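S.K.: dropping the sequence and predicted coords here.
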Amino acid sequence: MFFRKSGNCSVAESSICFLFLIYDAFMFIRRISRKNGSLMVKIIENVRQGDQIVQKALYTVGVAKNRDELESLVHGDSNAEPLLQTDDIVSLSDIREEKRINVGMEDVFGAVYSQMDFEDLIAGTRKDAEWNASLEVLRDLNQDIPLEKIYRMMDRLVPLEEQIKKKIFQSSMSLLDYEVDVLFFDVTTLYFESFDSDELRAFGFSKDCKFKETQIVLALVTNNRGVPLTYEIFPGNQSEGKTLITIVKKIKENYSVKNVVMVADRAMFSEENLSFLEVEGIHYIVAAKLKTMKRSVQSEFLNETECPLNGWLKDIEVEGRRLIVSYSTERAKKDYKQRMRLVERLMIKARDGKIPLKALINNNGTKKYIEVSGEKASINEAKVILDGQWDGIHGVITNYAKNDKTPQEILERYKGLWKIEEVFRINKNDLRMRPIYHRKPERIRAHILICFMA
């Protein structure tokens with residue numbers, strides 16, 4: 001089947017791009033000279049096997065005896081005049097299919113289809129379906145589908161949610177063909193175009209700054225390549241730090257994952273979470289909340305007179321755990337600019353050095369720089385200067401022994417957390433996971449599941 005591009009990428013093109021990413025493959029055309037002077041044209045694929053790239057011939061296009069034949073083989077025969085213009089719009093019901101040619105697509109993506117076990121995944125839904133039902137679905141393509149029909153499909157999907165998630169997890173592990181040794185964990189919020197709350201939709205801290213709308217909390221787990229492995233949905237008022245234990249328990253119950261390290265940001269930094277992971281025998285690397293630590297610990301790395309030109313690194317033992325603290329000049333510049341931006345916002349709202357309380361928003365970022373007196377507030381310059389001692393400093397806590405991982409290895413592992421942020425961006429923007437317009441909890445779950453499958 002051929003797809004024609006017009007404007008933005010089609011769904012088919014997006015699917016192809018996705019399959020290329022997960023298959024980690026690259027194809028190109030190779031011209032092979034023969035003894036009789038002709039050229040053989042083949043489609044070659046680069047396949048990663050461990051650390052090696054192996055080339056595999058996928059398809060022999062043909063043999064060319066001269067330049068014209070070679071041009072025809074490489075670029076295809078374009079002599080036939082198209083019956084329709086590129087931008088013509090037609091109804092599929094007015095088209096009669098006489099012949100279909102599948103060249104290349106099945107050769108490349110058939111292997112991906114098999115390796116991901118999609119055949120097994122949809123086998124359960126195929127048992128009760130006849131071929132005419134499949135043809136009916138095909139006839140619905142590019143035509144208006146009744147909303148009720150979509151809802152019925154979503155309702156049938158929800159009971160299979162855990163089964164589908166488990167199959168995707170297992171298939172992803174099998175396709176990657178290597179043992180997963182790290183799980184990246186992060187949480188985001190998804191808002192609704194609604195102000196009505198219930199057991200799932202609730203008001204809470206919104207990462208999209210949609211504080212007047214209800215939301216849900218989505219916890220996601222990926223591997224070190226950024227491939228989503230599983231997820232869980234929580235009510236919108238659920239604290240981020242309370243989500244980790246739930247999802248780790250489900251992973252241990254449903255999936256055979258051993259000897260992994262859990263990597264998470266500082267929202268997961270709590271004694272409850274760290275102790276739980278230790279009891280479960282799971283290694284972790286979690287961003288530390290340095291400003292909330294004891295002064296005796298802070299004194300190990302804070303020095304107001306120290307002004308390093310280059311980065312430094314300290315490995316500190318804290319209650320049987322390792323605190324890896326690092327300093328970066330680039331991070332220091334970023335922290336300084338961010339602080340000055342917050343101060344400038346406060347100064348804009350100030351009148352004669354005083355800021356009306358009504359002009360202040362409930363923002364912890366700026367709240368720490370002000371002093372309140374009566375109905376007005378003022379900027380505390382001493383607090384602004386004192387906060388500067390944290391510029392460029394970052395820390396992570398881990399239960400790795402010193403002879404197991406070096407500080408550099410631990411920090412390098414933590415840096416991979418950005419990949420899960422990219423997954424959130426794709427889901428929110430490219431797949432339009434939010435805003436959510438559904439009301440019923442089962443429809444909300446089906447919506448998230450469809451985006452996860454995509």
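M.R.: In hand now; what should we look at?
S.K.: against residue 67, how distant is residue 29?
M.R.: From residue 29 across to residue 67, the span is 15 Å (CB to CB, to the nearest Å). (Each C-beta comes from the backbone N, C-alpha and C, glycine too.)
S.K.: what about these two, which has more around it?
M.R.: residue 29 (12 against 9; other CB atoms under 10 Å).
S.K.: for the longest strand seen in the chain, which positions count as buried?
M.R.: Criterion DSSP state E: the longest strand present in the chain is strand 52-64. Within strand 52-64, the residues scored as buried using 16 or more other CB atoms under 10 Å are 61, 64.
S.K.: also stretch 149-169?
M.R.: Of the residues in stretch 149-169, those buried (16+ other CB under 10 Å) are 154, 157, 158, 161, 164, 165, 167, 168, 169.
S.K.: I figured residue 217 hits residue 243, correct?
M.R.: Yes: Residue 217 is within contact range of residue 243, at 6.6 Å (criterion: CB atoms under 8 Å).
S.K.: who touches both of the two?
M.R.: Common neighbours of residue 217 and residue 243, using CB atoms under 8 Å, 6 or more residues apart in numbering, are 187, 234.
S.K.: and residue 385, how many residues sit next to it?
M.R.: Neighbour tally, residue 385, other CB under 10 Å: 10.
S.K.: other residues contacting the host helix or strand of it?
M.R.: Using DSSP states H and E, residue 385 maps to helix 381-387. If you take CB under 8 Å, 6+ apart as the criterion, helix 381-387 is touched by 339, 343, 368, 369.
S.K.: out of those, what pair is the most spread apart?
M.R.: 343 and 368 (11.1 Å; CB to CB).
S.K.: just list whatever residues bridge to residue 41.
M.R.: When assigned by DSSP bridges, residue 41 has beta-bridge partners residue 31, residue 62.
S.K.: give the contact list for it.
M.R.: Here residue 41 is in contact with 29, 30, 31, 32, 60, 61, 62, 63, 64, 70, 73, 74 (CB under 8 Å, 6+ apart).
S.K.: count of neighbours near the third one?
M.R.: This points to residue 31. If we define neighbours as other CB under 10 Å, then residue 31 has 13 of them.
S.K.: returning to what we had before: just the C-alphas of the helix holding residue 385, formatted as PDB.
M.R.: Below are the C-alpha coordinates for helix 381-387, written out as PDB (Å, rounded to 0.1, in the frame of the first residue of the first chain):
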ATOM      1  CA  GLU A 381      17.900  41.100  49.700                       C
ATOM      2  CA  ALA A 382      19.700  39.100  52.300                       C
ATOM      3  CA  LYS A 383      17.600  36.000  51.400                       C
ATOM      4  CA  VAL A 384      18.300  36.600  47.800                       C
ATOM      5  CA  ILE A 385      22.100  36.700  48.400                       C
ATOM      6  CA  LEU A 386      22.000  33.700  50.700                       C
ATOM      7  CA  ASP A 387      20.200  31.600  48.100                       C
END
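S.K.: distance from the chain centre to that helix, please.
M.R.: 37 Å (CA atoms, centre = their mean, to the nearest Å).
S.K.: over to stretch 318-333?
M.R.: So, by CA atoms, centre = their mean, the centroid of stretch 318-333 is 26 Å from its chain's centroid.
S.K.: how about that stretch: buried residues?
M.R.: So stretch 318-333, judged by 16+ other CB under 10 Å, has buried residues 321, 322, 323, 324, 325, 326, 327, 328, 332.
S.K.: please list all residues in contact with the fifth one.
M.R.: For residue 325, the contacting residues are 288, 290, 300, 301, 313, 314, 316, 393, 394, 395, by CB under 8 Å, 6+ apart.
S.K.: tell me the domain ranges of the protein?
M.R.: 1-78+105-112, 161-295+405-453, 331-390 (automatic domain parsing).
S.K.: so which of those comes closest to residue 147?
M.R.: Of the domains of the chain, the one closest to residue 147 (CB to CB) turns out to be domain 161-295+405-453, at 11.2 Å.
S.K.: chain neighbours aside, what residue packs nearest to residue 366?
M.R.: Nearest non-adjacent residue to residue 366, counting by CB to CB, 6 or more residues apart in numbering: residue 342, 5.1 Å away.
S.K.: right, and that neighbour touches residue 368 too?
M.R.: No: the criterion here is CB under 8 Å, and residue 342 misses it with residue 368 at 9.1 Å.
S.K.: neighbour count winner among the two?
M.R.: Neighbour count, other CB under 10 Å: between residue 342 and residue 368, residue 342 has more, with 17 against 14.
S.K.: the strand or helix carrying that one: which residues count as buried?
M.R.: Take DSSP H and E as the rule and residue 342 turns out to sit in helix 329-349. Across helix 329-349, burial judged by 16+ other CB under 10 Å covers 332, 335, 339, 342, 343, 346.
S.K.: in JSON lines: these, plus pLDDT.
M.R.: Output for the buried residues of helix 329-349, formatted as JSON lines (pLDDT from 0 to 100):
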{"residue": "332", "pLDDT": "91"}
{"residue": "335", "pLDDT": "92"}
{"residue": "339", "pLDDT": "89"}
{"residue": "342", "pLDDT": "84"}
{"residue": "343", "pLDDT": "85"}
{"residue": "346", "pLDDT": "79"}
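S.K.: turn those into a markdown table, including distance to residue 192.
M.R.: Below are the buried residues of helix 329-349 laid out as a markdown table (distance: CB to CB, whole Å):
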| residue | distance to residue 192 |
| --- | --- |
| 332 | 39 |
| 335 | 34 |
| 339 | 34 |
| 342 | 30 |
| 343 | 35 |
| 346 | 32 |
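S.K.: show me which of those residues is closest to residue 223.
M.R.: residue 335 (30.3 Å).
S.K.: which residues touch residue 181?
M.R.: By CB under 8 Å, 6+ apart, the contact set of residue 181 is 224, 259, 260, 261.
S.K.: ok, and the closest non-adjacent residue to the first one?
M.R.: Pointing back at residue 224 there. Nearest one to residue 224, counting by CB to CB, 6+ apart, is residue 182 at 4.7 Å.
S.K.: wait, that neighbour sits on residue 222?
M.R.: No: applying CB under 8 Å as the test, residue 182 and residue 222 come out as separate, 9.4 Å apart.
S.K.: between the two, which is the more surrounded one?
M.R.: Taking neighbours as other CB under 10 Å, residue 182 and residue 222 compare with residue 222 leading, 26 against 17.
S.K.: OK, contacts around that one?
M.R.: So residue 222 contacts 183, 184, 228, 229, 419, 420, 423 (CB under 8 Å, 6+ apart).
S.K.: hmm, try it at 7 Å
M.R.: 184, 228, 229, 419, 420, 423 (CB atoms under 7 Å, 6 or more residues apart in numbering).
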